[in-house]
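Enquirer: Make a model of this:
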Amino acid sequence: MTMVAAKLIVTLAVSALAVGARMPGPAAAIKMKSAAGGKPVSIADVQGKAGTLVIFTCNHCPFARGWERRIAELANSYSKKGIGVILINANDPAKYPEDDFAGMQARAKQLGLQVPYAMDETSGVARALGASVTPEAFLFDKTGKLAYHGAIDDNHRDPAAVKTHYLKDALDAVLEGHPAPRAETKGIGCGIMFR
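Expert: Okay, the predicted model is just below:
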C-alpha cells in the first residue's frame with residue numbers, strides 16, 4: 001500500500017455512536033446550510049416516520065465518489081418510502097477546496113439529489129455521532145435508535161461486483177420494523193478533515 005493510500009484509508013473510530021443508542025438530540029437540532037435546496041436544515045427537520053438516514057460524505061474522496069451514485073439512488077428512493085435522509089459534508093474546505101459549498105451545490109445538481117446535502121460548518125454533528133470517514137452511514141429506526149452504522153456496500157469501485165448491500169438491506173429491514181441483518185460494518189474511506 002502506498003503512503004497516499006495509507007493516508008486515505010481509515011477504519012471507523014471506536015468512539016462512533018453505538019448501535020442501539022439514541023440519536024443525540026442537540027446534534028440533531030443543529031441547522032446546516034443545504035446545497036440541495038438552499039434552506040438551513042437539521043437532522044431533526046428531515047426525520048422520517050419510518051426512520052432517518054444520515055450519511056457523511058464529501059466531494060473529493062475517491063471512496064465517496066465511488067459510492068456517490070449509489071448513495072444518491074438510495075437517498076432519493078428511500079426518502080419517498082418514509083425514511084428521512086440527509087447527506088452531510090463535515091470536511092474543512094480550507095484543506096480540500098473541492099469540498100466547499102459551491103462544489104457541494106454542483107455535486108447535488110449533478111447527482112440529482114432530492115434530499116438535503118448539508119455543510120456541517122463546525123464539524124459538530126460529525127463529532128456528536130462519532131463519524132470518522134467518508135462515506136459513513138448512520139441509520140436510525142422510527143424510535144430514533146441507531147439500527148445500522150457503517151459502509152454502503154462491499155465494493156466502492158464496481159457496483160456490478162457488489163455481493164452484500166449492507167445499507168439497502170438495513171433500510172429494507174427498518175421499513176419492515178425488523179433489525180438490520182448486519183447492524184454494523186467496517187467503514188473504509190477518507191478521514192474526515194475536521195474543522
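
Enquirer: Listing request: residues of the protein with sub-threshold pLDDT.
Expert: Applying pLDDT under 70 to the chain flags the ranges 1-14.

Enquirer: what about the strands in it?
Expert: Across the chain, reading from the start of the chain, the strands by DSSP state E fall at 10-11, 32-34, 40-41, 51-56, 83-89, 117-119, 133-134, 136-141, 146-150, 188-191.

Enquirer: May I see the ones you listed arranged in TSV, with mean neighbour count and distance to residue 70 as well?
Expert: Where C-beta positions appear, they are placed from N, C-alpha and C, glycine not excepted. Putting the strands of the chain into TSV (neighbours: other Cβ atoms under 10 Å; distance: least, Cβ to Cβ, whole Å) gives the following:
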stretch	mean neighbour count	distance to residue 70
strand 10-11	15	20
strand 32-34	22	21
strand 40-41	17	22
strand 51-56	26	11
strand 83-89	27	12
strand 117-119	25	15
strand 133-134	28	14
strand 136-141	26	11
strand 146-150	25	14
strand 188-191	21	14
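
Enquirer: Export those as TSV, with columns for distance to residue 174.
Expert: Output for those, formatted as TSV (distance: least, Cβ to Cβ, whole Å):
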stretch	distance to residue 174
strand 10-11	24
strand 32-34	23
strand 40-41	21
strand 51-56	4
strand 83-89	7
strand 117-119	22
strand 133-134	22
strand 136-141	5
strand 146-150	5
strand 188-191	22
